[in-house]
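Participant: next comes the sequence, and after it the predicted model I'd like to discuss.
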Amino acid sequence: MKNQIFNARAREFMQIKTPLQAVALKYPEGAEVPFITAKGKGELAKKIIETAQENNIYMEENETLVNLLNAEEVNAAVPEEAYSALAVIFAFILEREGKA
């Protein structure tokens with residue numbers, strides 16, 4: 001399963017890694033940077049993934065990025081170290097949705 005999550009309406013994004021961990025991001029229009037909306041391990045990660053799937057949110061697997069994001073708190077802005085990787089991911093999603 002590809003594991004990057006993105007929803008054009010909410011501009012949401014999530015990273016997953018094994019052992020099962022998940023980090024969901026949101027990048028509201030007009031915001032300077034994305035922020036972490038949820039994160040979890042084990043059963044909580046499964047619930048985050050299920051919710052994303054139910055809402056047709058696109059997913060991407062990136063162990064390095066999820067490790068970096070998992071160190072942050074929920075509602076925190078993503079760290080600057082993640083900007084380059086996230087820019088590539090969001091550009092891919094926007095292009096895929098015909099918005100680039």
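Facilitator: Received, thanks.

Participant: now this structure, which segments are flagged as low pLDDT?
Facilitator: Applying pLDDT under 70 to the chain flags residues 1-18, 100.

Participant: where along it do the helices fall?
Facilitator: When assigned using DSSP state H, the helices of the chain occupy the ranges 43-54, 63-70, 83-96.

Participant: so which of the ones you listed is the most packed in?
Facilitator: Highest mean neighbour count among those (mean count of other Cβ atoms under 10 Å): helix 63-70, with a mean of 17. All C-beta atoms are positioned from the backbone trio N, CA, C, and that covers glycine.

Participant: now it: how far from the chain's centre is it?
Facilitator: 10 Å (Cα atoms, centre = their mean, to the nearest Å).

Participant: extract the CA atoms of that helix and return them as PDB.
Facilitator: Written as PDB, here are the backbone C-alpha positions of helix 63-70 (Å, rounded to 0.1, in the frame of the first residue of the first chain):
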ATOM      1  CA  GLU A  63      10.400   6.100   7.000                       C
ATOM      2  CA  THR A  64      12.900   8.900   7.400                       C
ATOM      3  CA  LEU A  65      10.200  11.500   7.200                       C
ATOM      4  CA  VAL A  66       7.800   9.800   9.500                       C
ATOM      5  CA  ASN A  67      10.600   9.400  12.100                       C
ATOM      6  CA  LEU A  68      11.300  13.100  11.900                       C
ATOM      7  CA  LEU A  69       7.600  14.100  12.100                       C
ATOM      8  CA  ASN A  70       6.900  11.600  14.900                       C
END
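
Participant: dump the helices of the chain into JSON lines; add distance to Leu20 as well.
Facilitator: Putting these into JSON lines (distance: least, Cβ to Cβ, whole Å) gives the following:
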{"stretch": "helix 43-54", "distance to Leu20": "4"}
{"stretch": "helix 63-70", "distance to Leu20": "10"}
{"stretch": "helix 83-96", "distance to Leu20": "20"}
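
Participant: quick one, which of those is nearest to Tyr27?
Facilitator: With respect to Tyr27, and counting by Cβ to Cβ, the nearest of the helices of the chain is helix 83-96 at 6.8 Å.
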